[in-house]
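S.K.: Okay, structure incoming, though there's no sequence with it:
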């Protein structure tokens, strides 16, 4: 995977800075919607920032939804420890002890959104591993990954399900979640290529890629 | 939802800290700190913007404007306003979450919850010493099995 070293601004970035809400079509959501519209009661985990729209969408259909803003949780200053070389690092063990713990719950759908692109490197694999164990066999995980063209200043969005194949995107920054931690922008931590993504989800049964126009690859993974 | 007129609510002010079980038969507005449990079956609870509650909450309607760390069981409706920070599960018939609210937990909508809760709470309410003594006196009450402390 590649790490960014330079900065450049994009049209999306300026739109985000102005607080504009953007909508986008999502082919992976269109596939997922058949399941979401099912009459069976589903258990759904939304790992993005609290989205009233997503909670409403799911509960109106009789599903149970768990909301857990994992990116904000990862900015908790008390998670910072020093590694063997004395450099600051996140305590991934403690993070997993305190997050993604749902006794007795197994999920039909996990909405991961763009979490992996913005999450600290040390947390990505452990989090995906935990998500595997939280999903039911046959359960689905939706994730978005930026392509190299997106640039390091690609704004971090939260995603609201509008319906059908449409998502509304809203720019988020550190501190928006009111849970403390330093204020500022979430920066894209790295770019996963297709092989990186396949490796990340190698324990899953299948993976399907959807290339979108806005320098984002959508991925639908089945456990 | 229209915000209820809080003048009609029993008030726990900003400077009050309560640790223990809080139960009652009238609407309650908490703008102070409560740690323990809040039982207001059949009545409404508002956690004001300065309210900090670490408790499981059972009421007919719950509105969170401040901080809540605990589960909500609302037989009719639960609402998180834009200033809310709520960590815990919500079980209710209807839920409203404003843009800007922080929520970590589960939302479980149970359509026939009111009927279930009436059946469950009827015997419990009649056996509650605090509630029955207040009812006998012809009034409603919010009782705290605790030591309220002045936070100043």
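M.R.: Cool, the structure landed. Computed from a predicted model, the values in this text were never measured in an experiment. Residues are numbered from 1 along each chain as shown, chains lettered A, B, ... in the order given.

S.K.: now the residue nearest to the spatial centre of chain B, which residues is it bridged with?
M.R.: Note on chain B: the residue nearest the mean C-alpha position is residue B:45, at 3.7 Å, using Cα atoms, centre = their mean. The residues paired with residue B:45 through beta bridges, assigned by DSSP bridges, are residue B:28, residue B:62.

S.K.: That one against residue B:56, yeah?
M.R.: No: under the contact definition of Cβ atoms under 8 Å, residue B:45 does not touch residue B:56, with a separation of 11.6 Å. C-beta: built from backbone N, CA, C; applies to glycine.

S.K.: Next, show the common contact partners of the two.
M.R.: residue B:38 (Cβ atoms under 8 Å, 6 or more residues apart in numbering or on different chains).

S.K.: For residue A:210, name its beta-bridge partners.
M.R.: residue A:218.

S.K.: helices and strands around the longest helix belonging to chain A, which ones?
M.R.: Using DSSP state H to assign secondary structure, the helix with the most residues in chain A is helix A:121-134. When contacts are defined as 3 or more Cβ pairs under 8 Å, 6 or more residues apart in numbering or on different chains; DSSP states H and E, helix A:121-134 packs onto strand A:88-90, helix A:92-98, strand A:107-113, helix A:115-118, helix A:194-200.

S.K.: Could you name the stretch from these that's closest to residue A:33?
M.R.: Go through the helices and strands packed on helix A:121-134 one by one with Cβ to Cβ and the one that ends up closest to residue A:33 is strand A:107-113, at 10.7 Å.

S.K.: Compute the distance from the centre of the closest one to the centre of its chain.
M.R.: On the basis of Cα atoms, centre = their mean, to the nearest Å, strand A:107-113 sits 9 Å off its chain's mean C-alpha point.

S.K.: same check, this time on stretch A:88-96
M.R.: When distances are taken as Cα atoms, centre = their mean, stretch A:88-96 is centred 18 Å away from the chain's centroid.

S.K.: Can you measure across it, start residue to end residue?
M.R.: The straight-line separation of the ends of stretch A:88-96 (Cα to Cα, to the nearest Å) is 18 Å.

S.K.: Contacts (any at all) between chain B and that stretch?
M.R.: No: Stretch A:88-96 lies out of reach of chain B by Cβ under 8 Å from any Cβ of the partner chain, never closer than 14.2 Å.

S.K.: hang on, the earlier thing: columns mean neighbour count, mean pLDDT and distance to residue A:73 on top of the helices and strands packed on helix A:121-134, output as CSV?
M.R.: Converted to CSV, these look like this (neighbours: other Cβ atoms under 10 Å in any protein chain shown; pLDDT from 0 to 100; distance: least, Cβ to Cβ, whole Å):
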stretch, mean neighbour count, mean pLDDT, distance to residue A:73
strand A:88-90, 14, 88, 11
helix A:92-98, 15, 93, 7
strand A:107-113, 23, 97, 14
helix A:115-118, 23, 94, 11
helix A:194-200, 15, 94, 20
